[in-house]
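Engineer: this is a predicted model, with the sequence first.
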Amino acid sequence: MVRIKLFLPITILFIGLSACMDEDPSPDVISNQEGIIKYNDDLESLIIVVSTSGTYDSQDIYIPNTDLSSFQEGQSVIFSGNITPYNTQGLKVFVGQEFYHISLSDIKVAD
């Protein structure tokens, strides 16, 4: 009987604690994605923008972990890497924009 009385509160406590823990999202992998180098005023850096073809209201914005100064704004690139969601608090975000942090594994100028 004593075990049952202790088991229930401990179980509830464990469930409550595990529900409150922040987990880092696991990265997703993208490969050979085509995008365009653009300058973002809010971030004060070059970013990679991928727009969904046929739409004007859907953009994925990748914030790289490396310096893109060897590329020019407006240049098309092909890139690969691991992405995780980016905290957009404090940024101007328009409907349809999704921001990601990317650890680039490869980037090159598109042919």
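Structural biologist: All right, it came through fine. Computed from a predicted model, the values in this text were never measured in an experiment.
Engineer: was I right about residue 76 contacting residue 34?
Structural biologist: Yes - contact criterion Cβ atoms under 8 Å: residue 76 and residue 34 qualify, at 6.4 Å. Just so you know, the C-beta spots here come from the backbone N, C-alpha and C atoms, and that holds for glycine as well.
Engineer: which stretches of the chain have low pLDDT?
Structural biologist: By pLDDT under 70, the low-scoring segments of the chain are 1-26.
Engineer: quick check: the spatially most central residue of the chain vs residue 65, distance?
Structural biologist: Computing the C-alpha centroid of the chain and ranking residues by Cα atoms, centre = their mean puts residue 100 first, at 2.1 Å. For residue 100, the distance to residue 65 (Cβ to Cβ, to the nearest Å) stands at 11 Å.
Engineer: which residues are contacting stretch 54-66?
Structural biologist: Under the contact criterion Cβ atoms under 8 Å, 6 or more residues apart in numbering, stretch 54-66 has outside partners 35, 40, 43, 45-52, 79, 81, 83, 86, 95-104, 107.
Engineer: cool, thanks, signing off.
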